[in-house]
Structures are given as C-alpha cells and as structure tokens.
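K.L.:
coords below, sequence missing:
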Ligand code: SF4
C-alpha cells in the first residue's frame, strides 16, 4: 500500500507571493450578432500577482463573466467573436496560442470554477473518476496515487469522509458539496490562477459564505491568484485585496477593496454599495435600487455609459467617454482609479 502524499500548499517550483502572474492589456471581446457588433468587454486592463485576490463585480450583462472567460481563453477570436488586446499568463500570450496550446494551460496554469457545478460534473461519472483522470493525465500518477491525491484534495476543500465520496455520483451530494468537488477539481493540477465565476449563485446563504471563505483560504495557503467574479459586491468585501467594478463592458472603478467600500469614487460603485443589504438594518427596510437599466450593448450611449442612470450626470458626460485614471490631484497611498468626469471626491482625497 502506498502512503498518502499530502498536497503541497505551494508548488515547489511555482510562483512566490507577489510574482506578477497575469497582465491583461486593453482587452476587447466583440461578439458579432445579427443586431451588430457587441463589445461585451471594451478596453479592460488589469494585473494580478501570486497570492492576490481580485474581485470583479457588476450587474448582470456588465461583461464580467465574458472577461473571465476571455482571460481563460474559453472565448477567443473565431467566426462569432473577435478578441483584441493581450492576456499574458506568466508572460505567455493566451490569445496568440493555438487552441491546442491554450488547452495545455488549463489545469496547471489557470483553472476556472463555474456558477453551476453540474456544468463541470458529468452526472453519470463518479466523483473519483472526475478527480483521478486529470491527476493521472497531467501529473503522471498511477491509479492508487491518483486516488489518494483525490482524497487529499477533497479533504482540503472540507468534504467529510472523502474516501467514500469518491464512489458517489454528483447527484448524491448536496449543491454545496458539489461546488467543493468542482473547486477540488480546479485545484487538482495546482493552478497559478483560479477564476471563480459566480461560484455561489446556486447555493443558499450559509453555504455561499463557506465556499467564499474556502476560496480565500486556499488562495492564502497556496499563493494562488484568484479572480472572484460576482454580481454581489457584498461577496468580495473582506475576501479580496482589490476590486474592479464593471459597467457596460468597461471598468468604472478599480482600487483596493476596502477603499472602494469605504469611500467609492464612482457614482455607480456608490449605488452598488447602497444596494447591499445591511445586517443591522431594521426589518422590512426597503433596499436601495439603481434606477434604470444598463444600456443596449449593441448601441451604447456615446459618452459615459452610466450617464442615463447617474444622478451626477452633466452635459459633458453625455458626449465624452471618461477614461480610467486617478482623479485625485494630490494622491496619497495606493493608486485609485475611476472612470468619471465628476467623481465623488472629498476634502481628504481631492
Ligand atoms: Fe456620472 Fe458623469 Fe461620472 Fe458618468 S462621468 S459616472 S455620468 S458623473
């Protein structure tokens, strides 16, 4: 009998905390639709370092999930879409690779956890088969070694009685357990970057918190860079180092998470924060909502895309597209970026 090999918390030859892993520059993802071209992601740039967690938040249709999939290389140039700009993963341009070369990055370099665990799990395949297959293929483990590693992985993601779970089918597990299995699957090849795309949407509130805390813990333990895509700004507070707030395909604001929450610069961030339910609020308190709807992405407004909904909008906003920049005239502390002509500056940060 072979002895169980514990998974390393950081890969022996992997990146160390602080290494730059991901550089996204001026990324555009344009879908060619019967109604015209739709730039679902329109000029997004970001950086991600080992051990860092980045939240990408915005309403449904803001482009955050398309951004995640384009970074992963799941959305690429083809008959129905055009991707431009660059996504450098460890210095390698994901979109300059052939589809076959790109697939080789999936697992060891970058992995993704999807919203619905059943998207990643085959209902007629046992949990053990899901986990051991990539371990045997990518890590060259034999049958017994792969099974033991699979048990370790399930234990790491907090699944009780992991050896027994290997012989169960996905439908025999709860939704929360299935999502933990999907996270274990994503971790199986020790990815440097993990993209979690609305990983808790299908789960109840208590399990949501457990899964989000698990991702934060794994990131810290393994020096893994995590991108947490969520429509829920509340989900990223306290669990991400930085946040990018997206609106209509563009980044509206990007800064350290605590700063965006403490003092948003962009009116859209402010409105999103106001719509988060407060624990201490009196019962039956009506939640704040953002009036209006996101723009039709096949024909977005010419100036600021948030202008039709923005309480601070002025004439300039309707004609002049604001660029992402640090709006403070005497910046102190880390960079703060907002794409707004009339940001919410206070006496301290003016
Ligand atoms: Fe509002 Fe104008 Fe800023 Fe856009 S640029 S968010 S419309 S104030």
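P.N.:
Yes, it's here. Computed from a predicted structure; not experimentally measured. Residues are numbered from 1 along each chain as shown.
K.L.:
wait, what's in contact with residue 35?
P.N.:
Residue 35 sits next to residue 298 when contact means Cβ atoms under 8 Å, 6 or more residues apart in numbering. Backbone N, C-alpha and C define where each C-beta goes, glycine included.
K.L.:
and with 10 Å instead?
P.N.:
Going by Cβ atoms under 10 Å, 6 or more residues apart in numbering, residue 35 touches 296, 297, 298, 299.
K.L.:
just residue 146 next, same as before
P.N.:
Residue 146 touches 128, 131, 132, 133, 134, 135, 136, 137, 139, 140, 188, counting by Cβ under 10 Å, 6+ apart.
K.L.:
Drop anything exposed from these.
P.N.:
128, 131, 132, 134, 135, 136, 188 (16 or more other Cβ atoms under 10 Å).
K.L.:
Can I get the contacts of residue 146 in JSON lines including pLDDT and secondary structure?
P.N.:
Below are the contacts of residue 146 laid out as JSON lines (pLDDT from 0 to 100; DSSP: H, G, I helix; E, B strand; the rest coil):
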{"residue": "128", "pLDDT": "96", "secondary structure": "helix"}
{"residue": "131", "pLDDT": "95", "secondary structure": "helix"}
{"residue": "132", "pLDDT": "95", "secondary structure": "helix"}
{"residue": "133", "pLDDT": "91", "secondary structure": "helix"}
{"residue": "134", "pLDDT": "87", "secondary structure": "helix"}
{"residue": "135", "pLDDT": "90", "secondary structure": "helix"}
{"residue": "136", "pLDDT": "90", "secondary structure": "helix"}
{"residue": "137", "pLDDT": "85", "secondary structure": "helix"}
{"residue": "139", "pLDDT": "83", "secondary structure": "helix"}
{"residue": "140", "pLDDT": "86", "secondary structure": "coil"}
{"residue": "188", "pLDDT": "90", "secondary structure": "coil"}
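K.L.:
What is the most widely separated pair among these?
P.N.:
Maximum pairwise distance among the contacts of residue 146 (Cβ to Cβ): 18.0 Å, between 128 and 140.
K.L.:
Would you mind giving the domain segments of this structure?
P.N.:
For the chain, automatic domain parsing gives the domain ranges 1-109+193-277+288-293, 117-190.
K.L.:
quick one on the thing from earlier: wait, which of the buried ones among the contacts of residue 146 is closest to the ligand?
P.N.:
Nearest to the ligand among the buried ones among the contacts of residue 146 is residue 188, at 42.6 Å by Cβ to the nearest ligand atom.
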